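*Asks:* no sequence on hand, only this structure:
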């Protein structure tokens, strides 16, 4: 899994029928120090993440392991909304305080 920040939404009126009803988010990946990387990806979202929230992203085959999602053509899926991240007893992200 990887840590990412929700930067926006992706809307598509024409799409594969298996994707209908799937919320798509534009994510920016975060490094181990809490800094944004210049890498973006679109991911399906089943947890209701919003703009500027930090999330955990499952990629590849693991993104299709959620029951009922096996036939949805996605390479990345938001699987959790992060509340806090602490490294070496130092908080690099806290949802309440929104350090970044």
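*Replies:* Nice, thanks for sending it over. All values reported here derive from a predicted model rather than from experimental measurement.

*Asks:* could you use CA atoms for every contact and neighbour count after this?
*Replies:* Will do.

*Asks:* for the most centrally placed residue in the chain, give its distance to residue 88.
*Replies:* Nearest residue to the geometric centre of the chain (Cα atoms, centre = their mean): residue 78, 3.8 Å. Look at residue 78 and residue 88: by Cα to Cα, to the nearest Å, they are 25 Å apart.

*Asks:* likewise for residue 12?
*Replies:* Going from residue 12 to residue 88 by Cα to Cα gives 42 Å.

*Asks:* ditto for residue 33
*Replies:* Residue 33 is 11 Å from residue 88, where distance means Cα to Cα.

*Asks:* before we move on, back to that, mind pulling up the pLDDT for the residue nearest to the centre of the chain?
*Replies:* On pLDDT, residue 78 comes in at 96.

*Asks:* what sits against it?
*Replies:* By Cα atoms under 8 Å, 6 or more residues apart in numbering, the residues touching residue 78 are 43-47, 49, 55-58.

*Asks:* what about 6 Å?
*Replies:* 45, 56-57 (Cα atoms under 6 Å, 6 or more residues apart in numbering).

*Asks:* pull the number of nearby residues for residue 24.
*Replies:* Residue 24 has 21 neighbouring residues, counting by other Cα atoms under 10 Å.

*Asks:* tell me which other helices or strands the helix or strand it falls within touches.
*Replies:* Using DSSP states H and E, residue 24 sits in strand 23-30. Where contact means 3 or more Cα pairs under 6 Å, 6 or more residues apart in numbering; DSSP states H and E, strand 23-30 is packed against strand 2-10, strand 36-45.

*Asks:* show me the shaky parts of the chain.
*Replies:* 61-71, 97-100 (pLDDT under 70).

*Asks:* any idea how far residue 74 is from the residue sitting furthest away from the middle of the chain?
*Replies:* Distance from the C-alpha centroid of the chain peaks at residue 89, with 24.5 Å (Cα atoms, centre = their mean). Distance check for residue 89 against residue 74: by Cα to Cα, it reads 35 Å.
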